[in-house]
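**Q** 3D, please:
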Amino acid sequence: MENQEWSIEKEHFDKCRAFIAKNIEEYEREARERHEEVQELYKAMQEGDSELYNQLMTSTSLEEHANNQLRKNRVAFEKPYFGRIDYKDLGLEKDEKVYIGKNGIFRNKTEVVVADWRAPIATVYYENEMGEGSYETPDGKMQNINLELKRTYNVEKGILHGFYDSDVASNDELLVQYLSKNKDAVLGDIIATIQKEQNEIIRANPFSNTIVQGVAGSGKTTVAMHRISYILYNYKERFESNEFCIIGSNDMLLNYITSGLPELDVFNMKQKRMDDMFIHLLAKDFKAKYRKITVGSDGEWKSRMQFMKGLERYLERIRENCIPCEDLTDKELGRIMSASGMKEILDSFPEYSINRMLALMDERLKNRLKFLIDDSDKDEYKKKFKEKSTQYKKYYQERKITKSPVNIYLEFLQDYGKRTRIEIKDTVSHILENKFDVYDLAALVLIKYRTTQKKENEEFGQIFMDEAQDFGVAPYYVLRTVLPKCFFTIMGDVSQNINYESGMNDWEDLKKCMLTNEKDSFRLLSKSYRNTIEISEYAGEILELASAGAYKIEPVIRHGMEVDIVDAGDDEERAKKTAEIIEEVKKRGFFSVAIVVFDEKESTVVKEKVGAYTEVIDGNETGFQTGTMILPVQLTKGLEFDAVILWKPEMEKAKSGSKEAKLRYVAVTRALHELHILN
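**A** Numbers count the residues shown, from 1 in each chain. Reported below is the predicted structural model:
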């Protein structure tokens, strides 16, 4: 029976690849023809035939489509599918067999050869147990099914090595097999091993906000990337990729994340550091003379919700002074605008800035004049209306805000310092020198939004934040406020908060800020898929110190080398030992190595000393690359490497407090397979 089943699967696998091979030939031909057509049209346009522009745009689009399909089919030829589900549709009383792969493959518009992993039916593979269950169809209806088989395939480079049936997709046997590979190989296989708790986040309602607390190695970044791909695939009529933005704390992390998005069919997506996001929202209000600076000790109070509430109260007082709710009476016409009517308008448009509201009030005033002036005599009406329109021209807008957000911010800081007795002089000094940290920039954006913004910002539909704990709640409050129609997916781990004073050490304030609707959710990812058992156990001891036991690691059972702790002597001896380790790591088939330093100044020393023995890359200078990178611990956030070497980690400092423990927890959990500690 097993041999017969294998023969059936092998035959289907070969037929599927043969079909994909034909697709590849067809798309290669189409891509060539479209390319030649585009070149000819472009040449004709250069020679003066401008009427061909629309035809050129159409042909260019068709060429891009052909190349995209060619890319997908080439990937599918190497690995057509990774899973299969057999089920009975209980509504239609029909038996179905569905193969699931990284890319959807179609025979025609209605016949599916391989279902795309993002298709609604694929959730059955990731989440359903055997027997009766259901899944949600694209139109939001629940389809009842009876799942009779869930099969997982082991495919590499176009060869079917085997398969097995399982009640839980991607069980530990397959997962450990994938995780045991080097880093680059793991990235290619991750779709086949998405776990149930990860899949639930990926497929969560896109019209909601989600906060994910995930331990190091739980797949937060991977889940975020796949969620982006899932939403764009299933909600293409509602969202476009240029409405999506990933926000991170540094450029290296952002480049690392976005480099994998094209493989998931995600293109033209925005990426911004948090400070650059606020500069983007400030637009022309951020002058050329302004400069960004890193957060200092005053970030401890500027990052908190208390600071933002203080700013909101201050801006509300300005609003009340600019737009007093009182009757407007004319000697001839009587009461034009009532206090109650004005309050009703204010309450109806709470999101309007002061200047926008004043413009609206003037518009309402003009309409009231039209209503109150007697129109029985047309000539007299025109004369009277012109007279009163001139008298009340921009009556309310005369009170509009003309001060810059910076000047308002300075006035607020002085007021806030007096009210709270917080020492604000460092921040004020920096502002006067036109220097702003991320929390100052967030405050300026809120001030602009409340005082002078002319219209709603509809540029962003979905925002994804990675390593969210690196910031306090203040910037999230501002983004949520000024982008009310945007939805947020926020990923982080408070145990990895290296900005201890200004970042987030728990999620409570952020939950209150972001999770305000019924569909919004807070989710946990506790399983670590990154590290071996040996590294996870070592990291777990540090995690106890970093989070006071709030979040624990549940490692996937994958054994590897013991954590290598070496007494390395002086820098010269340490450099030799580091070079030896790197060569040994390469011999074991791993090529992604990080030398992590705990003092940025040490990067230069390491590059000079270790570089004398083997090739190394200074990540401070180059950004993320494959090879042996030297990185300060702060820049390793969100990254992972086959092997990690800690240079002078002073591990005993982890016992001195949560801040030091978190730095070391971040460092040790970057390692997929090997961790070497050079004391």
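**Q** SS state for the most centrally placed residue in the chain?
**A** Centroid-nearest residue in the chain: residue 464, 2.4 Å away (criterion: Cα atoms, centre = their mean). Recorded secondary structure, residue 464: strand (DSSP: H, G, I helix; E, B strand; the rest coil).
**Q** thinking it is in contact with residue 245, fair?
**A** Yes: here residue 464 reaches residue 245: they are 7.3 Å apart, a contact under Cβ atoms under 8 Å. In short, each C-beta sits where N, CA and C put it, glycine included.
**Q** where do the strands sit along the stretch 101-250 of the chain?
**A** 105-106, 112-116, 131-136, 142-156, 159-165, 210-214, 244-248 (DSSP state E, counting those that start in this stretch).
**Q** so what are the sheet partners of the shortest one and their directions?
**A** Read that as strand 105-106. strand 112-116 (antiparallel) (DSSP bridges).
**Q** cool, and the longest one?
**A** Strand pairing for strand 142-156, using DSSP bridges, gives strand 83-89 (antiparallel), strand 131-136 (antiparallel), strand 159-165 (antiparallel).
**Q** of those strands, which is nearest residue 43?
**A** Comparing the strands paired with strand 142-156 against residue 43 with Cβ to Cβ, the closest turns out to be strand 159-165 (44.8 Å).
**Q** residues making contact with the closest one?
**A** 9, 10, 13, 149, 150, 151, 152, 153, 154, 155, 173 (Cβ atoms under 8 Å, 6 or more residues apart in numbering).
**Q** could you list the low-pLDDT ranges of the protein?
**A** 1-2, 138, 167-189, 547-549 (pLDDT under 70).
**Q** scan it for its longest helix.
**A** helix 2-46 (DSSP state H).
**Q** relative to strand 83-89, how tilted is that helix?
**A** Here the directions of helix 2-46 and strand 83-89 differ by 100 degrees (axes from the mean of the first three to the mean of the last three Cα atoms, to 10 degrees).
**Q** which other helices and strands contact helix 2-46?
**A** helix 53-78, strand 105-106, strand 112-116, strand 159-165 (3 or more Cβ pairs under 8 Å, 6 or more residues apart in numbering; DSSP states H and E).
**Q** and these, which is most packed in?
**A** strand 112-116 (a mean of 21; mean count of other Cβ atoms under 10 Å).
**Q** what angle sits between that one and helix 53-78?
**A** 90 degrees.
**Q** alpha carbons of strand 112-116, as CSV, please.
**A** Provided in CSV are the C-alpha atoms of strand 112-116 (Å, rounded to 0.1, in the frame of the first residue of the first chain):
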residue,chain,number,x,y,z
VAL,A,112,-6.3,25.4,-9.7
VAL,A,113,-3.3,23.1,-10.0
VAL,A,114,-1.6,24.3,-6.8
ALA,A,115,-3.3,26.6,-4.3
ASP,A,116,-1.4,29.6,-3.0
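**Q** can you give me the strands in the stretch 301-450 of the chain?
**A** For the stretch 301-450 of the chain, strands defined by DSSP E, counting those that start in this stretch occupy the ranges 328-330, 334-337, 435-436.
**Q** export these to CSV and tack on distance to residue 100?
**A** Shown next, in CSV, are these (distance: least, Cβ to Cβ, whole Å):
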stretch, distance to residue 100
strand 328-330, 67
strand 334-337, 63
strand 435-436, 49
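**Q** return the most buried member of those.
**A** Note that of these, strand 435-436 is the most buried (mean count of other Cβ under 10 Å), with a mean of 20.
**Q** sorry, back to before: of the contacts of strand 159-165, grab the buried ones for PyMOL.
**A** One line in PyMOL is enough to select the buried ones among those; burial here means 16 or more other Cβ atoms under 10 Å:
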select buried, resi 9+13+150+151+152+153+154+155
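**Q** need the contacts of strand 159-165 in CSV with distance to residue 636, can you?
**A** Converted to CSV, the contacts of strand 159-165 look like this (distance: Cβ to Cβ, whole Å):
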residue, distance to residue 636
9, 42
10, 44
13, 40
149, 43
150, 37
151, 38
152, 33
153, 35
154, 32
155, 33
173, 30
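**Q** now stretch 428-443 - C-alpha only, CSV.
**A** Presented in CSV, the C-alpha positions along stretch 428-443 are these (Å, rounded to 0.1, in the frame of the first residue of the first chain):
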residue,chain,number,x,y,z
VAL,A,428,14.7,73.3,25.5
SER,A,429,18.4,73.9,24.8
HIS,A,430,18.3,71.3,22.0
ILE,A,431,15.2,72.8,20.4
LEU,A,432,16.7,76.3,20.5
GLU,A,433,19.6,74.8,18.6
ASN,A,434,17.1,73.2,16.1
LYS,A,435,17.9,69.7,17.3
PHE,A,436,15.1,67.2,17.8
ASP,A,437,14.9,63.6,19.0
VAL,A,438,12.2,61.1,18.0
TYR,A,439,9.9,62.2,20.9
ASP,A,440,10.3,65.9,20.0
LEU,A,441,9.4,65.0,16.4
ALA,A,442,6.3,63.1,17.6
ALA,A,443,5.2,66.1,19.7
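**Q** against residue 416, how distant is residue 304?
**A** Residue 304 is 12 Å from residue 416, where distance means Cβ to Cβ, to the nearest Å.
**Q** any chance of a markdown table for the strands paired with strand 142-156, columns distance to residue 332?
**A** As requested, these are exported to a markdown table (distance: least, Cβ to Cβ, whole Å):
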| stretch | distance to residue 332 |
| --- | --- |
| strand 83-89 | 75 |
| strand 131-136 | 64 |
| strand 159-165 | 88 |
